[in-house]
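Participant: Structure of the sequence below:
(one chain, ligands or ions: 1)
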Amino acid sequence: MNPIELRKDFPIFEEKINGHPLVYLDSAATSQKPRQVLDVLKRYYEHENSNVHRGVHTLGTRATESYEQAREKVATFIHAPSANQVVFTRGTTESLNMIAYGYARTRFQAGDEIVLPPSEHHSNLIPWQQVARATGASIKYLPLQPDGTIRLEDVEATVTEKTKLVTIAHVSNVLGTINPVKEIAEIAHRHGAIMVVDGAQSVPHMPIDVVELDCDFLAFSGHKMCGPTGIGVLYGKKELFEQMEPTYFGGEMIDVVELYESTWKEAPWKFEGGTPIIAGAIGLGAAVDYLSAIGLDAVAEHDAKLANLAMERLQAIDGIDVYGPQAGVHRGGLVTFNLRGVHPHDVATVLDTQGVAVRAGHHCAQPLMRILGVGSTARASFYLYNTEDDVEHLVEALQQAKEFFGHAIG
Ligand code: PMP
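Facilitator: Predicted structure coming up:
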């Protein structure tokens, strides 16, 4: 895998940012899009655009075939036993809410428990708060180690026969921690609970096999994996999709509609009410082709290598605090840090003047920020088009920021 060659696939790197070449270190928020995906979107609108599953005309057939082929590609990508286990959604947030509404809210009751760590993205936290409010079920939080990792013995101690659902991010969007989802799923299943995995930060960056992980549901977003915005995926086990209710009712998802009641199609179509995200799904199919051709093992190794390098380089700078697993620990491709005494928004603004794009804020994880004892942090995240030079640019820009804010650091 050669990131310098791969960069040529991404037109955005021709942009100059404040007079500098773009150093894009915000792929955990959203990734850039290669020409291979952009071309497929253009081709779709120019040569296939039509509604799916309805028209008997040629364009309708073409669009339907491309849309359903994209589902096959995604299924193969995550090793789902069947394409019918792949539902197209708007993204991770929608996928997780669909489980909360269509599965948990109709099943859980007072006395039931939902287990998760307090470090979850708001998208994998608030839906469960809402389930708890609506059903009387309660939330139990897993203890976090100081570096943000979870100990399996704590999972064993927290999950009981009352637990109905265990959920966790495969990779933390703040700390880069890689959580042992397979082992946690095994504990959940032993107690009769289902396992929901937030794959927003793992599916784009490492090979995923849903059968091997034995998760019951997996949610992820297309826009973080070279695909378009507005498309995501909910994978589910067949029997759970059979039990789960649709969240959206209307066209496309029905079998027979009577005046006072109706029946639904089978999964995945019963979950895709209304005109689906046709171009988005086809674009995601192209993104999956693109990533598969590179190889997810290579992507995982590359991202982790850059994150480790960044970790080492940042830890060596006086005045910078780095959070999460330390250098050398197997991690996802991101590093979270603060320049002591300076608000991360100010740090990010100064980095931007050098063309370096990092994320600053609470990263949709306010409870985790409280545990870390900070209001917000800066985050540099890496993907297949980043290079060691990008890490050096980050370090240089941070040195400049440090000088600029020197008075504040004291
Ligand atoms: N979970 C995690 C771990 C994430 O990083 C994100 C995106 N920041 C989400 C969920 C939500 O994804 P989306 O905004 O695409 O729905």
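
Participant: burial of N49, as a residue count?
Facilitator: 13 (other Cβ atoms under 10 Å). The C-beta positions use only the backbone N, C-alpha and C, and glycine is treated the same way.

Participant: per-residue pLDDT, it?
Facilitator: At N49, the model reports a pLDDT of 94.

Participant: Tell me which residues touch the closest residue to G355 other than its chain neighbours, please.
Facilitator: Closest residue to G355 apart from its sequence neighbours, by Cβ to Cβ, 6 or more residues apart in numbering: H20 at 2.9 Å. H20 sits next to Q354, G355, V356 when contact means Cβ atoms under 8 Å, 6 or more residues apart in numbering.

Participant: Surely the last one is in contact with A397?
Facilitator: This means V356. Yes - using Cβ atoms under 8 Å, V356 is in contact with A397, at 4.6 Å.

Participant: Name the residue in these two with the higher neighbour count.
Facilitator: Neighbour totals were compared for V356 and A397, and V356 leads with 28 against 22 (other Cβ under 10 Å).

Participant: picking up where we left off before, just the ones in strands from the contacts of H20, please.
Facilitator: If you go by DSSP state E, the contacts of H20 have V356 in strands.

Participant: Between the contacts of H20, which sits nearest the ligand?
Facilitator: Nearest to the ligand among the contacts of H20, counting by Cβ to the nearest ligand atom, is V356 at 19.7 Å.

Participant: contacts for the helix or strand hosting Q69?
Facilitator: For Q69, the host element (DSSP states H and E) is helix 58-77. Among residues not part of helix 58-77, those counted as contacts by Cβ under 8 Å, 6+ apart are 44, 47-55, 80, 82-83, 85-86, 88, 208, 233, 268, 276, 278, 281-282, 284-285, 288-289, 291-292.

Participant: Check the offset of that helix from the chain's centre.
Facilitator: 23 Å (Cα atoms, centre = their mean, to the nearest Å).

Participant: Buried residues, that helix. List them.
Facilitator: 60, 62-64, 66-68, 70-71, 73-75, 77 (16 or more other Cβ atoms under 10 Å).

Participant: Stretch 392-405 now?
Facilitator: In stretch 392-405, counting by 16+ other Cβ under 10 Å, buried: H393, L394, V395, A397, L398, A401, K402, F405.

Participant: Stretch 80-89 too?
Facilitator: A80, A83, N84, Q85, V86, V87, F88, T89.

Participant: Cross those residues against strands and list the overlap.
Facilitator: Using DSSP E, the buried residues of stretch 80-89 in strands are V86, V87, F88, T89.

Participant: show me what contacts the third one?
Facilitator: Neighbour list for F88: A70, R71, I231, G232, V233, P268, E272, P276, I277, G280, A281, L284 [criterion: Cβ under 8 Å, 6+ apart].

Participant: which residue packs closest to the fourth one, ignoring adjacent ones?
Facilitator: With Cβ to Cβ, 6+ apart as the measure, G91 is the residue that lies nearest to G232, at 3.5 Å, once sequence neighbours are left out.

Participant: Test my guess that the one you found contacts G227.
Facilitator: No - G91 sits out of contact with G227 when judged by Cβ under 8 Å, with a separation of 10.2 Å.

Participant: Just want to know which of the two has more residues nearby.
Facilitator: The residue with more neighbours, out of G91 and G227, is G227; 33 against 23, by other Cβ under 10 Å.

Participant: Doesn't that one lie inside a strand?
Facilitator: No - counting by DSSP: H, G, I helix; E, B strand; the rest coil, G227 is not part of a strand but coil.

Participant: Closest one of the buried residues of stretch 392-405 to the ligand?
Facilitator: L394 (20.1 Å).

Participant: What helix or strand is that closest one located in?
Facilitator: Using DSSP H and E, the element containing L394 is helix 388-404.

Participant: ok so, going back, I'd like to know which of the contacts of F88 are part of strands.
Facilitator: G232, V233.

Participant: Now which of the contacts of helix 58-77 would you call buried?
Facilitator: Buried members of the contacts of helix 58-77, counted by 16+ other Cβ under 10 Å: 44, 48, 50-53, 80, 83, 85-86, 88, 208, 233, 268, 276, 278, 281-282, 284-285, 288-289, 291.

Participant: The protein against the ligand: which residues are in contact?
Facilitator: Within reach of the ligand by Cβ under 6 Å from any ligand atom, the chain has these residues: 91-93, 121, 123-124, 169, 173, 198, 200-201, 221, 364.

Participant: which of the residues you listed sit farthest apart?
Facilitator: Within the residues of the chain next to the ligand, G91 and A169 form the most distant pair, 14.3 Å apart (Cβ to Cβ).

Participant: List the contacts of the residue nearest to Q36 when sequence neighbours are not counted.
Facilitator: Excluding its sequence neighbours, the residue lying closest to Q36 (Cβ to Cβ, 6+ apart) is Y290, at 5.0 Å. Y290 sits next to D9, P34, Q36, V37, C226 when contact means Cβ under 8 Å, 6+ apart.
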